[in-house]
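Enquirer: give me coordinates for this.
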Amino acid sequence: MKGKKNEWFENENFWLKYAPVMFDGQQWAQAAGIAKSVCSLAEVGIGSSVLDVCCGPGRISVELALLGLKVTGVDITQPFLDAAAETAADEGVSIELVNRDMRAFSSRKKFDAAVNIYNSFGYCDNPRDDMKILRRVSQSLKKGGAFVLECISRETAVRYFTEGEWFERAGMTVLTEFKVSGAWEGLSSKWILIEKDGTRTEHEFVQRLYSAPQLRDIMLECGFFSAQIFGGFNREPYDQNAKTMVIVAKK
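Expert: Next comes the predicted model:
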């Protein structure tokens, strides 16, 4: 009998090594500007409560806290939360951090806004789980609250598709391989991290690809009253020049 297949997030060793590659200096440098744009999109400010969905090492959570917001970060990977707590302490801000699977997250506290930034949506094996996450987010918001979601869409995946590359980052050689899954239903990503001593760590996962209007309609099914699609954090139009997909959904 075959053992249960691990889900994409359960290879903790990979994610710990991958974090400095994914969140390099450039990503951290951009975080402050993204946090300000998110506040504008969600129409929140000092004193507002914000739920950071899949907060990772706290890149956006910390910047939101520095802007005076009351932040709760949720992530399933405890070492990421430990890193977020350390960064928050270094910056002199307080963040509530919760180790929880967003498919099962619930809170008596209702938030003014929620955010899910930098392409961390669509990795569940079952699409029903994606909807479960969206419903959990909707249930966590106050009436009139906003959810800002940023991730790759089917359209941007097609436009910027590459079969792979290699580069040096965080003291490692990084090799990537990308393949289309199904009829552009998903994007299969294989990452190979090679350390200076030759240690090799590999991980492969598939991200489900939604078209922008498809995901907008799903969000409306999951408890949101309205959803606007943008091509960037500064309300750029979602057209042939869009570099990412940002959806602002209101409850």
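Enquirer: quick one: contacts for the closest residue to residue 119 other than its chain neighbours?
Expert: With C-beta to C-beta, 6 or more residues apart in numbering as the criterion, residue 119 has its nearest non-adjacent residue at 4.7 Å, and that residue is residue 151. For glycine as for every other residue, the C-beta is placed from the backbone atoms N, C-alpha and C. With contact set as C-beta atoms under 8 Å, 6 or more residues apart in numbering, residue 151 has these partners: 116, 118, 119, 120, 121, 122, 244, 245.
Enquirer: likewise residue 55?
Expert: 61, 73, 74, 75, 80, 81, 84, 97.
Enquirer: make it 7 Å
Expert: 61, 73, 74, 75, 84 (C-beta atoms under 7 Å, 6 or more residues apart in numbering).
Enquirer: low-confidence regions, the chain specifically.
Expert: Low-confidence segments of the chain (pLDDT under 70): 1-27.
Enquirer: show me where it has helices.
Expert: For the chain, the helices defined by DSSP state H cover 12-22, 25-42, 59-66, 78-91, 127-140, 154-159, 212-221.
Enquirer: which parts of the second one are buried?
Expert: Spelled out, that is helix 25-42. 31, 32, 34, 35, 37, 38, 39, 41, 42 (16 or more other C-beta atoms under 10 Å).
Enquirer: just to check, the second one is in contact with residue 64?
Expert: Right, residue 32. No - using C-beta atoms under 7 Å, residue 32 is not in contact with residue 64, being 9.9 Å away.
Enquirer: endpoints of stretch 115-129, how far apart?
Expert: Start-to-end span of stretch 115-129 (C-alpha to C-alpha, to the nearest Å) is 18 Å.
Enquirer: next one: it to chain centre, how far?
Expert: Counting by C-alpha atoms, centre = their mean, to the nearest Å, stretch 115-129 is centred 7 Å from the centre of its parent chain.
Enquirer: can you give me the buried ones in it?
Expert: Buried residues in stretch 115-129 (16+ other C-beta under 10 Å): 115, 116, 117, 118, 120, 121, 122, 123, 124, 129.
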